[in-house]
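Participant: coords please:
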Amino acid sequence: MKQPLVSVITVNYNQPALTCELLASVKKLQYSNYEVIVVDNGSRINPPDIIKQNYPEVQLICSNTNLGFAGGNNLGIRAARGEYLFLVNNDVELNPDVLDNLLPVFERHRNAGVVCPKICYHLSAASKNGIPLIQYVGYTQVNPYTARNTTIGEYEPDQGQYTNVAQTPYAHGAAMLISRAAIEKAGLMPEDYFLYYEELDWCEQIRRMGFSIWVEPKAAVYHKESMSVGKTNPLKTYFLTRNRILFMRRNAGKWQLAVFLLFFTFVTLPKNIVVYIVKRQYAHLQSFLQGVLWHLSSKKNTFYNINPA
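Facilitator: Residues are numbered from 1 along each chain as shown. Prediction:
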């Protein structure tokens, strides 16, 4: 059976020990034809020396600055040689058969551009009676007027209820296998976002190029991110606010964008202000408003919609 080269790419930022845990699971892959690329995204503490010491076969690329999620991954993509590229967060643990289950989807569905595994929270992060909780088995489409969507299967105990490969509008950035053909047509991951929403935007571009996106639940990875991580992080509030609007500016049709801006101005904006004040989350309030004001700055106020609809 043909085994195309797969480039496994991950981004490290100040967490070399965690990255080494991912690399340990990569070495257990049943699939044999792969290369591994680690991009160090400008780490200022905990330099990535331990990665090279423990895994000398890994191609380590060091950036002088933090390029964000998209920028870091794009460095790895440019260096990759594989026919398929497996972008994986460094806090993920792989099942040994993950690639063996993902790759056949490209054979069965010739227009497939991206295939994702089922993503579960690692037992160290979240479980119910010792059963891992699902984080992702697909997304619903982003609502063109509210910019909201839902994650299929999220927080459900993984009891084998999802078994069939299915199409989805969006891949999950924690683990996604992408064909080189899709990247060559759609381009690299958009770097305007820095953090959050970039893979959703990328999937929009990939689908516009005629490719489909799939989830294969037989393939599984385990994400060590806790369900509560970042809920009290103002930085996350800033980027989620800023990038929700940015996603709509780049992808919504003109009338959809107009409705969204009205919805955001008269529903989302006052609601969030009130909630943050009532909860006395003033740092979040400041970050939320900064995320909105980013779009009103002189350098960012060009509405560069890339969807001609």
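Participant: Domain map for the protein?
Facilitator: 6-223, 234-296 (automatic domain parsing).
Participant: Quick check: chain neighbours aside, which residue is closest to V292?
Facilitator: Of all residues not flanking V292 in the chain, T241 sits nearest, at 6.2 Å (C-beta to C-beta, 6 or more residues apart in numbering). For the C-beta atoms, the positions are set from N, CA and C on the backbone; glycine is no exception.
Participant: P117 contacts H223, correct?
Facilitator: No. The criterion here is C-beta atoms under 8 Å, and P117 misses it with H223 at 10.5 Å.
Participant: the helices in the chain, which residues?
Facilitator: With DSSP state H as the criterion, the chain has helices at 16-26, 49-54, 68-79, 98-108, 180-186, 198-208, 234-251, 254-263, 269-278, 282-293.
Participant: Please tabulate those in JSON lines and include mean neighbour count as additional columns.
Facilitator: Output for the helices of the chain, formatted as JSON lines (neighbours: other C-beta atoms under 10 Å):
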{"stretch": "helix 16-26", "mean neighbour count": "19"}
{"stretch": "helix 49-54", "mean neighbour count": "14"}
{"stretch": "helix 68-79", "mean neighbour count": "21"}
{"stretch": "helix 98-108", "mean neighbour count": "19"}
{"stretch": "helix 180-186", "mean neighbour count": "18"}
{"stretch": "helix 198-208", "mean neighbour count": "22"}
{"stretch": "helix 234-251", "mean neighbour count": "21"}
{"stretch": "helix 254-263", "mean neighbour count": "16"}
{"stretch": "helix 269-278", "mean neighbour count": "13"}
{"stretch": "helix 282-293", "mean neighbour count": "17"}
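Participant: For N33, which of those is the nearest?
Facilitator: Between N33 and those, the tightest spacing by C-beta to C-beta is seen for helix 98-108, at 9.2 Å.
Participant: hang on, the earlier thing: save the domains of the chain as CSV, and put in mean pLDDT too.
Facilitator: CSV is the format used below for the domains of the chain (pLDDT from 0 to 100):
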stretch, mean pLDDT
domain 6-223, 95
domain 234-296, 96
